[in-house]
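Asks: got a predicted structure here, sequence first:
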Amino acid sequence: MPRPPRVASHLSAIPPSVYSTLAERLERVAGERYPLHVGDTWMEPAAGCRMEDLSVADYPGMHRYASVHGLPELLDAVVEHERAKTGLALEREHVLIAAGATGGLGAIAGALLEPGDEVLILAPYWPLIEGIVRSFHGRPVAVPVLAGEVATASEAVAAARARRTGRTVALYLSTPNNPSGRLVPRDWIEALVAWARTEELWILTDEVYEQMVYRGEHVPALPLAPERTFLAQTFSKSFGMAGNRCGYVVGPREVMIELRKVATHTFYSTPTAAQLAAVRALAGPGFAWARSAREQYAETGRRAAERLGLPAPEGSTFLFFDVAAQLDERGLTGLLEECVERGLLIAPGHSFGPYPTHVRLCYTAIEPERALRGVEVLAGLLGR
């Protein structure tokens with residue numbers, strides 16, 4: 001007998017909105033609004049790298065499907081870029097062009113996970129990674145280390161080890177980190193990668209904010225264990241192309257064919273025009289844009305942090321902090337509702353792991369002065 005119509009049970013653990021259920025209410029607020037809940041930029045991409053700069057005359061077939069693997073010219077540009085950065089002898093076969101880092105991580109999860117397999121996720125984490133793991137019948141396991149829970153590399157490894165089980169197959173890390181704004185230190189990454197290699201785990205490294213480092217050093221994980229590491233990258237953050245849905249994965253050659261299978265049967269191919277824009281960005285204009293954006297983001301982040309009494313972010317585009325002392329009997333929901341009433345939308349901490357009294361704000365989602373006026377609203381509500 002067929003089962004009664006119902007949805008797949010594993011989807012019940014995935015929230016319909018990862019950032020806030022209050023977004024619709026913001027649209028009804030009169031006056032200035034401050035949507036600081038989603039990680040994005042208010043700026044357009046570099047001149048020459050926008051959709052308006054592409055034409056069928058220059059790119060016949062730009063509205064047709066691209067290869068599932070990716071446009072050859074983009075694959076070559078990515079290979080050259082990642083070779084220079086990592087020192088690895090990469091080829092096209094190590095790369096998959098994906099529908100953003102989101103699509104890339106989905107392809108990784110689909111290729112690696114059997115039902116019930118566990119992925120250790122350094123927390124706080126980018127919210128969609130939890131849903132991606134669940135969507136492919138895996139189990140995300142939070143490892144809280146990036147919000148001040150541990151202080152050393154050995155403690156970070158111990159936290160991961162304590163949550164490792166016989167079903168653990170992978171370790172996920174994000175640096176520069178969304179949402180904490182931290183750079184995972186070199187000794188942490190080296191120790192975690194060494195431990196994962198000893199435990200025969202896959203490593204998923206999400207480095208989409210690598211161009212947005214304000215102080216400290218970004219340490220790529222891929223060169224440390226290329227035989228078991230998958231790098232997820234995107235043109236969304238470093239080049240201001242979030243709406244294009246174009247990114248890529250670099251990983252072990254022998255497994256990438258399996259990722260391409262998953263990609264074929266999910267997003268099929270990355271938008272062709274988005275790939276053409278990405279080629280232009282990697283030719284130079286994207287990096288010039290990133291340098292300019294980095295200077296502006298660093299200053300806005302510093303000013304926002306100073307007003308809220310927080311350390312300046314080391315990287316990415318976020319502030320993430322505990323507001324437990326300012327909450328009343330309504331808890332975090334009460335604070336978020338008060339924010340929306342004043343035109344401000346920020347993200348609740350529970351979207352990023354076991355952080356029920358934290359909030360995250362993105363100080364680059366709208367133009368700097370308006371973002372700082374939104375920060376002023378939050379500071380007032382927190383009594384700071």
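Replies: Looks like it arrived, so ask away. Nothing here was measured: the structure is a model prediction, and the numbers come from that model. Residues are numbered from 1 along each chain as shown.
Asks: can you show me the helices along the stretch 51-200 of the chain?
Replies: Remark: helices assigned in the stretch 51-200 of the chain by DSSP state H, counting those that start in this stretch are 72-86, 100-112, 127-135, 153-163, 186-198.
Asks: so which other helices or strands are in contact with the second one?
Replies: So the one you mean is helix 100-112. Counting contacts by 3 or more Cβ pairs under 8 Å, 6 or more residues apart in numbering; DSSP states H and E, helix 100-112 is packed against strand 95-98, helix 127-135, strand 202-206, strand 229-234, strand 247-250, helix 253-264. Where you see a C-beta, it was placed from the backbone N, CA and C, and this is true even at glycine.
Asks: now with 6 Å, please.
Replies: Judged by 3 or more Cβ pairs under 6 Å, 6 or more residues apart in numbering; DSSP states H and E, the packing partners of helix 100-112 are helix 127-135, strand 229-234, strand 247-250, helix 253-264.
Asks: before we move on, what about the fourth one?
Replies: When contacts are defined as 3+ Cβ pairs under 6 Å, 6+ apart, helix 153-163 packs onto strand 139-144, helix 186-198.
Asks: can I get that helix in CSV? Just the C-alpha atoms.
Replies: Taking Å, rounded to 0.1, in the frame of the first residue of the first chain, the C-alpha atoms of helix 153-163 are listed here in CSV:
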residue,chain,number,x,y,z
ALA,A,153,44.1,24.7,19.2
SER,A,154,44.3,21.6,21.4
GLU,A,155,41.0,22.6,23.1
ALA,A,156,39.4,23.0,19.7
VAL,A,157,40.6,19.5,18.7
ALA,A,158,39.4,18.1,22.0
ALA,A,159,35.9,19.6,21.4
ALA,A,160,35.7,18.0,18.0
ARG,A,161,37.0,14.7,19.3
ALA,A,162,34.4,14.6,22.1
ARG,A,163,31.7,14.7,19.5
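Asks: so how far is Trp289 from the residue nearest to the spatial centre of the chain?
Replies: In the chain, the residue lying closest to the centroid (Cα atoms, centre = their mean) is Trp126, at 5.3 Å. For Trp126, the distance to Trp289 equals 22 Å [Cβ to Cβ, to the nearest Å].
Asks: as JSON lines, the helices and strands packed on helix 100-112 with distance to Thr317, mean neighbour count and mean pLDDT would be great.
Replies: What follows is these, written out as JSON lines (distance: least, Cβ to Cβ, whole Å; neighbours: other Cβ atoms under 10 Å; pLDDT from 0 to 100):
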{"stretch": "helix 127-135", "distance to Thr317": "15", "mean neighbour count": "22", "mean pLDDT": "97"}
{"stretch": "strand 229-234", "distance to Thr317": "13", "mean neighbour count": "26", "mean pLDDT": "98"}
{"stretch": "strand 247-250", "distance to Thr317": "17", "mean neighbour count": "27", "mean pLDDT": "98"}
{"stretch": "helix 253-264", "distance to Thr317": "27", "mean neighbour count": "18", "mean pLDDT": "97"}
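Asks: okay, those in CSV with distance to Gly383 next?
Replies: Formatted as CSV, those follow (distance: least, Cβ to Cβ, whole Å):
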stretch, distance to Gly383
helix 127-135, 28
strand 229-234, 37
strand 247-250, 41
helix 253-264, 49
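Asks: quick one: closest of the ones you listed to Tyr59.
Replies: For Tyr59, the closest of the helices and strands packed on helix 100-112 is strand 247-250, at 19.6 Å, according to Cβ to Cβ.
Asks: could you list the domains of the chain?
Replies: Following automatic domain parsing, one gets these domains for the chain: 9-45+286-382, 51-283.
Asks: need the winner for burial among those domains.
Replies: The highest mean neighbour count among the domains of the chain, using mean count of other Cβ atoms under 10 Å, belongs to domain 51-283: a mean of 20.
Asks: so how far is that domain from its chain's centroid?
Replies: In terms of Cα atoms, centre = their mean, to the nearest Å, the centre of domain 51-283 is set 9 Å apart from its chain centre.
Asks: quick one: end-to-end length of that domain, please.
Replies: Using Cα to Cα, to the nearest Å, one end of domain 51-283 lies 16 Å from the other.
Asks: point out where the stretch 1-150 of the chain drops to low pLDDT.
Replies: 1-3, 18-20 (pLDDT under 70).
Asks: how about the helices and strands packed on helix 100-112, which one is nearest Leu327?
Replies: Among the helices and strands packed on helix 100-112, helix 127-135 comes nearest to Leu327, with 21.0 Å by Cβ to Cβ.
Asks: circling back to that earlier point, can I get the helices and strands packed on helix 153-163 in CSV with distance to Pro226?
Replies: Supplementary listing: these in CSV, determined by distance: least, Cβ to Cβ, whole Å:
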stretch, distance to Pro226
strand 139-144, 23
helix 186-198, 10
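Asks: so Gln211 is in which element?
Replies: Per DSSP states H and E: Gln211 is located in neither a helix nor a strand.
Asks: list the contacts for it?
Replies: For Gln211, the contacting residues are 238, 290, by Cβ atoms under 6 Å, 6 or more residues apart in numbering.
Asks: and it, what pLDDT?
Replies: Note on Gln211: pLDDT of 97.
Asks: quick one: it and Ala293, what's the gap?
Replies: According to Cβ to Cβ, Gln211 and Ala293 sit 8 Å apart.
Asks: of all the helices of the stretch 51-200 of the chain, which one is nearest Leu361?
Replies: helix 127-135 (14.4 Å).
Asks: which strands or helices does the closest one pack on?
Replies: Counting contacts by 3+ Cβ pairs under 6 Å, 6+ apart, helix 127-135 packs against helix 100-112.
Asks: the inter-axis angle of the helix it packs on versus helix 253-264?
Replies: Interaxial angle, helix 100-112 versus helix 253-264 (axes from the mean of the first three to the mean of the last three Cα atoms, to 10 degrees): 110 degrees.
Asks: follow-up on the earlier one: for Ser316, find the nearest of the helices and strands packed on helix 100-112.
Replies: With Cβ to Cβ as the criterion, Ser316 lies closest to strand 229-234 of the helices and strands packed on helix 100-112, at 12.9 Å.
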